[in-house]
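**Student:** I would like the atomic coordinates for the input below:
(one chain, ligands or ions: 1)
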Amino acid sequence: MGIGATAGVAAVGGIALSAQAAGSKSTSKASGALAFDPDGYTKLTTTITDAAGTEHDVTYHFWKAVTYVANPVDEAYQSLNVSVPVEIDGTAVDASGAPILFANAVGGYMPSSVADATGVGGGGMTGIPGGGAPGASASAAPSASASASASSGTGTGTGEVQSGGNAMVNGGEMVSLPKLALAAGYVVVEPGARGRTLKDSDGEYYGVAPAAIVDLKAAVRYVRANKGVIPGDTDRIVSSGVSAGGALSSLLGASGDSRIYDTYLKELGAADASDAIFATGAWCPITDLEHADGAYEWNWGSNVTASTGKVVDQTVSKALQSQFAEYQAALKLRGLDGFGPLNARNYDEYLVKQYLEPSATTYLAALSASDRATYLAANTFITWAGGKATFSWADFLTHVGARKKTTPAFDAFDLSAGENNEFGKGTTVSRHFTAYSLKSDTTGLTARRLDSDIPEMLRLMNPMYHLGKENPGRSRHWWIRLGTKDSDTSLTVSANIAAAADNLGDDVNHLYYWDEGHGSNTDPGDFIKWIAKVSGYKGKRK
Ligand code: DHB
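**Tutor:** Numbering: from 1, shown residues only. Model prediction:
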């Protein structure tokens, strides 16, 4: 629960603030355990350097570890922090109508807690640089710290996480979207969420699919149910997340108000309110998991693996590639800007023309003439003419070099991938979620079929499922980013989300960052500006 106020004070405060807000907008629907305590904050001051390098003195109200469901399974994760700016650079700020950045800090489908954060941008997993308060969730998620540091990318072992939640980097510098958003005058909500390694005393895994997305939806519902009490515009909730957090952010955007989560939300005692969000920000989303093995081989099949220096079993790789061809054709997506139907035969050309060459062009154009000459001399596969970079897909793949993962990248034959754990159930730590990998299982499983609940779990976890259905509750604005050297998944994964949203008529802003790896965010200031643009927010100084 919120700190700093007794229940009695909370009730009085809640009534007082609702009454104030009543004249303008509707009042809070939340009651009882789900009523936000408007007085339960501490006033904090911090200095935030914005994306342009300018320092800002920010005074804000900080609500810590507010439980967002009535029947929590584990409050350490099912709680959120709220930060509301009240003064920026000595000028009073009224954030009551500001967009709300809903920034999850999930990484690796691991548990994510904000309970020990000491201020804005402090959530995340233990031991992740920039991922939050030291010691956060250490006792409840013992494996988070150890696995999070295993970032060498040598394979797909359980618990191996390449980056942490909110662990975005820009040229080696940590990027905190929560901090940048606060300094821009926005309200920031940072939700915790259960993750795959959480196990209770009976040995039951209680954070595996679909726990994380159900938690994030419950948190959105909580914010909306407390409209007018939690400052900010609940019609302008903008989600952000990186990697597994980017997957969950895009899923949140795609699945707004979908009924397929109802029973899970009800069980938790989630607020009775919409969980639709206005806009979605997703960096390197690790999603569409049941099709990701095929997509991975289509993309990186001929590259050597970092851990072995060898190419993977080409029979397996080819079999998976043909699955990708079938899947991609069935999606019936059209590429952006009139490219036409996307398939396994033309997706290389699509990526090169739509994303990779423009990405290299932007990168090279920003260099000084001498730096550009040096780069081009070291990368002769690029032709630079008329201010534009051109190259072939094959040369691009060679340029990227070793792939991070073995094969299959996500549903490992030996159940060792983190995603196998994400689809664990009950006391079973890891399960197969594709028929192909079950058939090739090396752990001694004899089942011929996937467990009967797996198809439902896959639907619950996959934004592509929802985007194929034109869900009316989906977000209509999409900011998607991915590094061109990110081989944590296929480069087609985010491009497919972008194409699916675009084909539905949504506003899509998707760029690839040239030569950047997993978790990079080299244009965070543009995202902050984009939030103002799509939400129509002009800022409000008192
Ligand atoms: C993350 C990275 C992965 O390679 C993966 O398979 C799942 C999640 C992450 O960084 O969150």
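
**Student:** Is the closest residue to Ala184 other than its chain neighbours in a helix, a strand, or coil?
**Tutor:** Spatial nearest neighbour of Ala184, chain neighbours left out: Ile528 (5.0 Å); criterion: CB to CB, 6 or more residues apart in numbering. (Glycine included, C-beta is placed from N, CA and C.) At Ile528, secondary structure determined by DSSP: H, G, I helix; E, B strand; the rest coil is helix.

**Student:** just for this structure, where's the confidence low?
**Tutor:** Per-residue confidence for the chain (pLDDT under 70) gives these ranges: 1-28, 124-166.

**Student:** That one - how does it break down into domains?
**Tutor:** The chain breaks down by automatic domain parsing into domains covering 10-286+520-535, 347-401.

**Student:** Flag every buried residue along the host helix or strand of Val66.
**Tutor:** Taking DSSP states H and E as the criterion, Val66 maps to strand 55-67. Neighbour-count burial for strand 55-67 flags His56, Val58, Thr59, Tyr60, His61, Phe62, Trp63, Lys64, Ala65, Val66, Thr67 (criterion: 16 or more other CB atoms under 10 Å).

**Student:** go on, stretch 34-44?
**Tutor:** Leu34, Ala35, Phe36, Asp37, Pro38, Asp39, Gly40, Tyr41.

**Student:** hang on, the earlier thing: next, format the buried residues of strand 55-67 as JSON lines and append distance to the ligand.
**Tutor:** Formatted as JSON lines, the buried residues of strand 55-67 follow (distance: CB to the nearest ligand atom, whole Å):
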{"residue": "His56", "distance to the ligand": "29"}
{"residue": "Val58", "distance to the ligand": "28"}
{"residue": "Thr59", "distance to the ligand": "33"}
{"residue": "Tyr60", "distance to the ligand": "28"}
{"residue": "His61", "distance to the ligand": "30"}
{"residue": "Phe62", "distance to the ligand": "26"}
{"residue": "Trp63", "distance to the ligand": "27"}
{"residue": "Lys64", "distance to the ligand": "25"}
{"residue": "Ala65", "distance to the ligand": "23"}
{"residue": "Val66", "distance to the ligand": "25"}
{"residue": "Thr67", "distance to the ligand": "25"}
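
**Student:** Turn those into JSON lines, including distance to Ala247.
**Tutor:** Listed next are these as JSON lines, based on distance: CB to CB, whole Å:
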{"residue": "His56", "distance to Ala247": "31"}
{"residue": "Val58", "distance to Ala247": "30"}
{"residue": "Thr59", "distance to Ala247": "34"}
{"residue": "Tyr60", "distance to Ala247": "29"}
{"residue": "His61", "distance to Ala247": "31"}
{"residue": "Phe62", "distance to Ala247": "28"}
{"residue": "Trp63", "distance to Ala247": "27"}
{"residue": "Lys64", "distance to Ala247": "26"}
{"residue": "Ala65", "distance to Ala247": "25"}
{"residue": "Val66", "distance to Ala247": "25"}
{"residue": "Thr67", "distance to Ala247": "25"}
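
**Student:** Pick out whichever of these sits closest to Val352.
**Tutor:** The closest of the buried residues of strand 55-67 to Val352 turns out to be His56 (CB to CB; 40.1 Å).

**Student:** Contact partners for the closest one?
**Tutor:** With contact set as CB atoms under 8 Å, 6 or more residues apart in numbering, His56 has these partners: Thr47, Ile48, Thr49, Asp50, Ile88, Asp89, Ala183.

**Student:** how about 10 Å then?
**Tutor:** By CB atoms under 10 Å, 6 or more residues apart in numbering, His56 lies in contact with 46-50, 85, 88-89, 179-180, 182-185.

**Student:** now do Ile454
**Tutor:** Taking CB under 10 Å, 6+ apart as the criterion, Ile454 is in contact with Ala209, Glu290, Phe423, Lys425, Arg431, His432, Phe433, Thr434, Ala435, Leu438.

**Student:** Touching, Gly418 and Val429? I think so.
**Tutor:** No: using CB atoms under 10 Å, Gly418 is not in contact with Val429; the gap is 11.1 Å.

**Student:** More neighbours: these two, which one.
**Tutor:** Taking neighbours as other CB atoms under 10 Å, Gly418 and Val429 compare with Gly418 leading, 25 against 17.

**Student:** Show me the strands in the stretch 401-542 of the chain, by range?
**Tutor:** Ranges of strands in the stretch 401-542 of the chain, per DSSP state E, counting those that start in this stretch, are 477-483, 507-513.

**Student:** Deepest-packed of these, please.
**Tutor:** Highest mean neighbour count of the strands of the stretch 401-542 of the chain: strand 477-483, a mean of 25 (counted as mean count of other CB atoms under 10 Å).

**Student:** How about Gly387: what's its closest non-neighbour residue?
**Tutor:** The shortest distance from Gly387 to any non-neighbouring residue, by CB to CB, 6+ apart, is to Ala365 (6.4 Å).

**Student:** typo on my end, it should be Val189
**Tutor:** Phe102 (5.0 Å).

**Student:** Could you do Ala498 as well?
**Tutor:** Nearest to Ala498 is His510, by CB to CB, 6+ apart, at 4.0 Å.
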